[in-house]
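Asks: coordinates only, sequence not included:
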Ligand SMILES: O=c1ccn([C@@H]2O[C@H](COP(=O)(O)OP(=O)(O)O[C@H]3O[C@H](CO)[C@@H](O)[C@H](O)[C@H]3O)[C@@H](O)[C@H]2O)c(=O)[nH]1
Ligand SMILES: O=P(O)(O)OC[C@H]1O[C@](O)(CO)[C@@H](O)[C@@H]1O
């Protein structure tokens, strides 16, 4: 069994979870989640697969079984090229859900993807996550495997939040609609654990990533994406009117006028309504050109998701308000292969492409328009700064300034010489700066240094643990869970003894080994088969309590306890716990919630100091900090792999902050009644977590009944 490529050629795993992804006829614009990123990752996978240094590319996404979308998305594997494929992983509900609703299912996605990776002939050489959700999964996999993680954000929550607030949305509404804090936290976590961040523009680094606490420009590389110059090119001699051109006639009185073209997903951030108002408030603009807005595909607006429905409804109301009938086209349908022709239609009519987005992280449409010979007017916020800076083919505008938008459009429309110059610049420079061939060369060159120094965890468990007869396990936290009710404990211990031959007994605690052993003895609890102590930083197995050295070696990654102590020493409300609670990989404080900063401020401080660690607050009073690769849940997954026990057959009981990743994901999670639910409140929506009615060990016994655990 090959552990790593002995051919020396690379195996790259790209992770892009949301949206509708397939190798052909991408349904770009169909909904808010299927747009530039889905196109980017498919083109990147195909371009990388062509490189001689690359042996295999896997593009990982979520499997979707839903009568509202094509069966293509339910295929577990789809070939992209001879050495590239899309692999679809199950996680959460089978149906197609918005990316904002995926957060509760990403731990399960990570567990299922890890199982999939273990089923492959060898470990990949690198994980490359795309967007916050894939970053969340990539971080967990990188911790569990030791593989290097690289990341591309495509769009950043802090930047989107800033723009939506500027638009007047309330923070509560942004949180409710976009779960923006979970997304930003995942982005911060990804930035603090990725080895390399690939951006499409310098502007992203200076103006978008700069908003993050964990901001390390030296880990970032600008590698712009390409565009397919076979697909996007200027119009040839006058071609017969296409079906799409004809379809515009029903909207436009004078279809031959120049066309102002906007093309984007129907998403609030694309700010199409401001463009429409700028057009509606400019009689000169209306006299000179038609406005064509391509905003995805739709049948019945009333059946679309809230975001798209809101955007399109508002457009129709504004068209009516300014009485723009006959001058504005809002076509309902276009096919993937008509998109290039739409740009050419605008170019043939000496039109302009406009991207009025509040913020545009990069803007693939700008490349497509430039390659079609269209001059650009684009938002000054984001990627267009670099694109127009490189291509010299258009103007930047403040997306909230309607007068500036109108004037920029007029300054090109009423100057044919200027139109020709900008069009020619765009054609020449898009080919020069934006090609996938150039992208993959730069990408692979940036990748090399990361591949040398990574120690991966062994793929196959050490001999001797594989094939144990026992196919189940129960792991429990100690304080107030296993312990706290002696009668319940006695019942539980009897059950464990009775089932010992088929079920491993594990304890996962924040306490140190010596403290645990004293309690086990005092309470006459049998020695567990697996003992995870000090919050997942130490693992001992069998009754001889042999320490797992490989685990200690694995978690000793980016761990700088001295720096950590120095950074935290100045904070009010934090008192170091006695030295018997401290250990090599665990720094513990008493946390006085009256005086100490809130946890998210402590998280922010650690990230600003570029400390990639795992802080948890338990019982609202104990703050423990361990290495990023250590936690109860990560230690449990490491052990489950070693003992070859599927997570779905592991009952994991906890109840405070330090138990979160043990209870979440594919384990059968349990929270007993008396534990600190508020620290695990966000778990309550996950079906695989059972909140017991009863307390302490009685709650574990109740959960065993609930899951019918011994009859699985
Ligand atoms: O009705 C539509 C709308 C969009 N598209 C296509 O979808 C893509 C849209 O890409 P882009 O303009 O880049 O916008 P987003 O979908 O928002 O893409 C996100 O991800 C991209 C890749 O990283 C970045 O360029 C963007 O800034 C980022 O917002 C383009 O290929 C368009 O041709 C269609 O085909 N039909
Ligand atoms: O507007 P948001 O929430 O930042 O998301 C941008 C969306 O555009 C996309 O390119 C669509 O594929 C993805 O990056 C993401 O789904």
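Replies: Structure's in. What do you need? Note that the coordinates shown come from a computational prediction; the quantities given were computed from them, not determined experimentally. Ligands and ions are numbered 1, 2, ... in the order given.

Asks: which residues sit against whichever strand or helix holds residue 172?
Replies: If you go by DSSP states H and E, residue 172 is part of helix 171-178. Residues outside helix 171-178 that contact it (Cβ atoms under 8 Å, 6 or more residues apart in numbering) are 100, 157, 160, 161, 164, 165, 180, 181, 306, 307. Every residue, glycine included, has its C-beta placed from N, CA and C.

Asks: Let me know the closest of these to residue 527.
Replies: Residue 527 lies nearest to residue 181 out of the contacts of helix 171-178, by Cβ to Cβ, at 42.1 Å.

Asks: Could you list the low-confidence segments of this protein?
Replies: 1-7, 239-240, 453-455, 458-468, 676-678 (pLDDT under 70).

Asks: Spell out which parts of it neighbour ligand 2.
Replies: Proximity of the chain to ligand 2, by Cβ under 6 Å from any ligand atom, involves residues 18-19, 33-38, 99, 131, 154-155, 160, 267, 269.

Asks: Could you list which of the residues you listed belong to helices?
Replies: Mapping the residues of the chain next to ligand 2 onto helices (DSSP state H) picks out 36, 37, 38, 131, 160.

Asks: Top of the residues you listed by number of neighbours, please.
Replies: Using other Cβ atoms under 10 Å as the neighbour test, these are led by residue 131, with 27 neighbours.

Asks: right, and that residue touches residue 157 too?
Replies: No - counting by Cβ atoms under 8 Å, residue 131 does not reach residue 157; the two are 9.8 Å apart.

Asks: Please settle this for me: is residue 669 part of a strand?
Replies: Yes - assessed by DSSP: H, G, I helix; E, B strand; the rest coil, residue 669 belongs to a strand.

Asks: And residue 404, how far from residue 395?
Replies: Plainly put, residue 404 is 9 Å away from residue 395 if you go by Cβ to Cβ, to the nearest Å.

Asks: ah, wrong one, I meant residue 411
Replies: Distance, residue 411 to residue 395, using Cβ to Cβ: 7 Å.

Asks: out of the two, which sits in the more crowded spot?
Replies: Using other Cβ under 10 Å as the criterion, residue 411 and residue 395 rank with residue 395 on top: 22 against 12.

Asks: what pairs with the host helix or strand of that one, and is each one parallel or antiparallel?
Replies: Assessed by DSSP H and E, residue 395 sits inside strand 394-397. In the sheet, strand 394-397 lines up against strand 376-379 (parallel) (DSSP bridges).

Asks: And whichever helix or strand comes after the partner strand, how far out from the chain middle?
Replies: Counting by DSSP H and E, the next helix or strand C-terminal to strand 376-379 is helix 384-391. With Cα atoms, centre = their mean, to the nearest Å as the basis, helix 384-391 stands 27 Å off its chain's centre.

Asks: Now helix 384-391: buried residues?
Replies: Buried residues in helix 384-391, counted by 16 or more other Cβ atoms under 10 Å: 384, 385, 386, 387, 388, 390, 391.

Asks: a markdown table please, covering those residues and showing distance to ligand 1.
Replies: A markdown table is the format used below for the buried residues of helix 384-391 (distance: Cβ to the nearest ligand atom, whole Å):
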| residue | distance to ligand 1 |
| --- | --- |
| 384 | 9 |
| 385 | 12 |
| 386 | 11 |
| 387 | 10 |
| 388 | 14 |
| 390 | 15 |
| 391 | 15 |
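
Asks: Spell out which two among those residues are the most distant pair, please.
Replies: Greatest spatial distance among the buried residues of helix 384-391 (Cβ to Cβ): 385 and 391, at 11.5 Å.

Asks: just the strands in the stretch 601-712 of the chain please.
Replies: Here the stretch 601-712 of the chain has its strands, by DSSP state E, counting those that start in this stretch, at 613-618, 622-627, 650-654, 668-671, 689-691.

Asks: which one is the residue nearest the centre of the chain nearest to, not counting chain neighbours?
Replies: By Cα atoms, centre = their mean, the chain has its centre lying nearest to residue 133, at 2.0 Å. Leaving out its chain neighbours, the residue that sits closest to residue 133 by Cβ to Cβ, 6 or more residues apart in numbering is residue 17, at 4.7 Å.

Asks: Could you measure from that neighbour over to residue 384?
Replies: Taken as Cβ to Cβ, the span from residue 17 to residue 384 is 27 Å.

Asks: and the residue of the stretch 251-400 of the chain found nearest ligand 2, how many residues sit next to it?
Replies: As assessed by Cβ to the nearest ligand atom, ligand 2 sits closest to residue 269 within the stretch 251-400 of the chain, at 5.0 Å. When neighbours are defined as other Cβ under 10 Å, residue 269 has 22 of them.

Asks: With residue 98 instead?
Replies: Neighbours of residue 98 (other Cβ under 10 Å): 17.

Asks: contacting residues around it?
Replies: Residues in contact with residue 98 (Cβ under 8 Å, 6+ apart) are 18, 32, 33, 305.

Asks: try 10 Å
Replies: If you count contacts by Cβ atoms under 10 Å, 6 or more residues apart in numbering, residue 98 has them with 18, 19, 31, 32, 33, 177, 178, 179, 305, 306, 307.

Asks: between residue 411 and residue 395, what contacts are shared?
Replies: 377, 418.

Asks: Now render the strands of the stretch 601-712 of the chain as a markdown table, adding distance to residue 430 and mean neighbour count.
Replies: Listed next are these as a markdown table, based on distance: least, Cβ to Cβ, whole Å; neighbours: other Cβ atoms under 10 Å:
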| stretch | distance to residue 430 | mean neighbour count |
| --- | --- | --- |
| strand 613-618 | 43 | 22 |
| strand 622-627 | 45 | 24 |
| strand 650-654 | 53 | 28 |
| strand 668-671 | 51 | 27 |
| strand 689-691 | 50 | 20 |
